[in-house]
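Here is a sequence with its predicted model. Questions after.
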Amino acid sequence: MPVLGYTISFPGGDSQGYGNVEYRIPIIGNTFQTVLFFDGGTNGILRKGALRLDKTGFEQLTDPLNGFPGAPNLSQQLSIAPGTNFRLRGSTGIEFVVQLPIIQAPFRVYYAYNVHPLHSRIIAPNNFIEPSLICDRQHDGLPACPNGVQLGYYPANLPDVFDNQMKPVLQQLLLNPGSLNYFEPKRTFRFTVSRTF
C-alpha cells in the first residue's frame, strides 16, 4: 500500500554573512594569550524557488492513477521551517591560546556561550494514504473515509488480517508525523590544536 511520507531535510543556504571581534591580552609575549571574542552571523536561502520538487517526480506524486491526487497541501514548492531561515546566530566567550614551540601550532582552550540558541521541535506534515485504498464502502456500508483517518476494511474478505496486522501499522503511519528535536547547547567547552593560516 503506497504511503506519501514527509521528511525533514537540511538544504543549507545560498547566502551568508558573518563577523568576528576579538580582544587579545598577551600574558607571556605571543606564547600565551587570553582572548575575549564574539562571533556572529547568519545563513539562509534567498532563492526560495530553488527549493522545488523535480517536475517529473511531482507529476508522479499527483498522478490520478498511481499517485496521491487527494493529498492535502501537496505542493511542488518545499517549505522552510518557521524561524530557521536567516536566523541570527552568535556566541561569545573566552579563549586561552598557547603557542606550542615544537609543532608550531596553537593549543586553544575556549569556553563559549550561545547567545541565541535554537530550541524547537520541527514537525513534518502528516503522512498520507489515499482514502480509497483503505475504505471499503461495500463492506462497511459507509461513505468514503474522510481524509483517510477512519480506517475501513481492506480487503473486504479478510477483515481479521486488516484489523490485527494492517490497521495498527497504518494508524502508526497516519498519526505519527516525522519530527526533529533541534536543540542547540547554550554552552560549549573545548580544546583544539591547530595551525593558523
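Arrived safely.

can you pull out the strands in this protein?
Chain-ordered strands for the chain, with DSSP state E as the definition, fall at 15-28, 32-44, 89-100, 105-114, 119-123, 179-183, 187-193.

Now that we have those, can you turn them into a markdown table and tack on distance to Phe68?
Heads up, the C-betas are built off the backbone N, CA and C, glycines and all. As requested, the strands of the chain are arranged in a markdown table below (distance: least, CB to CB, whole Å):
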| stretch | distance to Phe68 |
| --- | --- |
| strand 15-28 | 33 |
| strand 32-44 | 30 |
| strand 89-100 | 37 |
| strand 105-114 | 40 |
| strand 119-123 | 20 |
| strand 179-183 | 21 |
| strand 187-193 | 43 |
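
Tabulate the ones you listed (TSV), appending mean pLDDT, mean neighbour count and distance to Ala81.
Formatted as TSV, the strands of the chain follow (pLDDT from 0 to 100; neighbours: other CB atoms under 10 Å; distance: least, CB to CB, whole Å):
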stretch	mean pLDDT	mean neighbour count	distance to Ala81
strand 15-28	93	10	17
strand 32-44	93	15	12
strand 89-100	91	16	15
strand 105-114	91	16	19
strand 119-123	83	13	5
strand 179-183	82	12	8
strand 187-193	89	11	23
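
Go through these and name the closest to Gln77.
The closest approach between Gln77 and any of the strands of the chain, judged by CB to CB, belongs to strand 32-44 at 16.4 Å.

can you pull the buried residues of the top helix by length along the chain?
Longest helix of the chain, by residue count under DSSP state H: helix 167-175. Going by neighbour count (16 or more other CB atoms under 10 Å), the buried part of helix 167-175 is Lys167, Leu170, Leu173, Leu174.

ok so, going back, Leu61: which of the strands of the chain is closest?
The minimum distance between Leu61 and these falls on strand 119-123, with 20.6 Å, by CB to CB.

from the buried residues of helix 167-175, which is closest to Ile25?
Compare each of those with Ile25 using CB to CB and the shortest gap goes to Leu173, at 58.3 Å.

so what's that closest one closest to, chain neighbours aside?
Here the nearest residue to Leu173 in space, its sequence neighbours aside, is Asn127; by CB to CB, 6 or more residues apart in numbering that works out to 4.8 Å.

Kind regards, and thank you for your time.
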